[in-house]
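**Student:** Provided below are the primary sequence and the corresponding predicted coordinates.
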Amino acid sequence: MHASPSPVPGTSTRTAVSPEVADALGTGRPVVALESTLLAHGLPRPDNRAAADAVEAAVRAGGAVPATIAVLDGVPHIGLTPEQVDRVCADENLAKLGVRDLPVAAALGRSGATTVSSTAMLAASAGIGVFATGGLGGVHRQAADTFDESADLTALSRTSIVVVCAGVKSILDVPATLERLESLSVTVVGYRTTAFPGFYVTDSGSSLDWSVADPEQAAAVFAFRREGAPGAVVVANPLPADEQLDPALHDRVLAGALAAAERAGVRGKEVTPFVLDHLHRASEGATLAVNVRLVLRNAELAGQIAVALAARARGAAR
Ligand code: PSU
Ligand code: MN
C-alpha cells in the first residue's frame, strides 16, 4: 500500500493522506490521529517499532482507523505505510517538529516526527476529530527561570480536536500546567474521574471540575466545543491503580532524572526526551512498560470516542 499524495482542504496541497484514511474520512467512518514524537523521541529503539503497531491495533480495537502522522521528505503524511513507520522508528537523526517547525521541514524537504502540537494541527486540518497520545507537554518545573513551556498548550488553545491522554507528563509542574490550560480556555475533562491523572501514576494530586462517563459524553462535549469556540477538549484517562507505576519508585527515579538533566545542561526540546530516557533506564524498563500501556489505553478510548462522534454526525445528517 502506498500513500498517494492527495490534497486536504485547508492544508498544504503537499499533505499526503493514506488511501485507507482518505477513504474513512470520505465516508464518515471514525479516524484517530496518532503522533510520532512519542515513537521517535519518547520510546527507545527498537521497542518503539512494536509499540507503533500495538497503538494502531488499539485504535482498531476501539473501532476506528488509525492515522499516524509524521513528515517525510518535507511532506506531512497522515496515515503511514509499515515501511514509513519503520523509517520513523529507526532514524536516529529524525527531527522533532512542533507547529513552528513544519514550514521549515516543508521548505527544506526534511523529515521529522510530529509532537502533540503539530499532530493536532495537521489532524484537525485533515478533518480528523480525535487524537490519542501518552501525556501532554506543559509547564516545566523550572519554568519560572527557564520559560520552558510546551507549545502543546497554545496549539490546543486554537485547534478543534479531542485529545485523549493520561494527563500531562509527570516530569512537569502539573498544577502550573492545569492553570495554563485554564488561562488558554482548553476544555479538560477526566474520564470517569475528577482526579487528574499523573501519566505514569493514576492520580497527579490535582483535581478537575468535570468528568465524562462514557465515549458518547466525550463526543458530545466536543460537538459543543467545536460549535462554540476553537480549541481542544482534553480527555484525561487515568491508568487503573493496579496498572500504575509504583508511586514511590516514580518519585525516586523522577528526582534522579530531573537532577541528571540539570547536571547535563539539557535545554529546549531535548529536555523531554532526555528525562523520559533517563527514567526508562533508571527504572529498568518499568516506566517504559507503563508508558506503552497508557498509550494503548488512550488509543482504544480514542477509537471509541471517534466511533461516538461519527454516530453523532450520522444522526445529525439524517
Ligand atoms: N507522550 C508520551 N511520550 C512523549 C510525548 C507524549 O507518552 O514523548 C511527546 C509529545 O510529542 C509531546 C512532547 O508533544 O512529548 C512534548 O515535548 P516538549 O515538552 O518539548 O514540548
Ligand atoms: Mn520545551
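**Tutor:** Good, I have the coordinates. Ligands and ions are numbered 1, 2, ... in the order given.
**Student:** where does this structure have low pLDDT?
**Tutor:** Residue ranges of the chain with pLDDT under 70: 1-13.
**Student:** anything in the longest strand along it near ligand 1?
**Tutor:** Identified as the longest strand of the chain according to DSSP state E is strand 65-72. No: judged by Cβ under 6 Å from any ligand atom, strand 65-72 makes no contact with ligand 1; its nearest approach is 10.7 Å. Placement of C-beta: from N, CA and C, glycine included.
**Student:** Contact residues of the stretch 101-250 of the chain facing ligand 1?
**Tutor:** 115-116, 133-135, 137, 150-152.
**Student:** What's the separation between the closest residue in space to residue 221 that isn't next to it in sequence and residue 252?
**Tutor:** Distances taken as Cβ to Cβ, 6 or more residues apart in numbering put residue 233 closest to residue 221, at 5.4 Å, once the chain neighbours are dropped. Residue 233 is 34 Å from residue 252, where distance means Cβ to Cβ, to the nearest Å.
**Student:** In terms of neighbours, single out the busier of these two.
**Tutor:** residue 233 (26 against 13; other Cβ atoms under 10 Å).
**Student:** Kindly list the main-chain dihedrals of the more buried one?
**Tutor:** The phi and psi values for residue 233, taken as degrees, to the nearest 10, are phi -110, psi 110.
**Student:** Identify all residues paired with it through a beta bridge.
**Tutor:** Note on residue 233: beta-bridge partners by DSSP bridges are residue 162, residue 187.
**Student:** Tell me who's in contact with the most centrally placed residue in the chain.
**Tutor:** When Cα atoms, centre = their mean is applied to the chain, the residue found nearest the centroid is residue 133 (2.7 Å). Shown in contact with residue 133 (Cβ atoms under 8 Å, 6 or more residues apart in numbering): 34-35, 38, 116, 119, 163-165, 295, 298.
**Student:** contacting residues around the nearest residue to residue 268 once chain neighbours are set aside?
**Tutor:** Distances taken as Cβ to Cβ, 6+ apart place residue 148 nearest to residue 268, at 7.5 Å, with adjacent residues excluded. The contact partners of residue 148, by Cβ under 8 Å, 6+ apart, come to 139-140, 142, 267-268, 271.
**Student:** What helix or strand is residue 298 located in?
**Tutor:** helix 286-317 (DSSP states H and E).
**Student:** residues contacting residue 194?
**Tutor:** Contact partners of residue 194, counting by Cβ under 8 Å, 6+ apart, are 207-211.
**Student:** tell me how far the ends of stretch 156-165 are from each other?
**Tutor:** Taking Cα to Cα, to the nearest Å, stretch 156-165 runs 13 Å from one end to the other.
**Student:** got it, and stretch 129-140?
**Tutor:** Termini of stretch 129-140 sit 28 Å apart (Cα to Cα).
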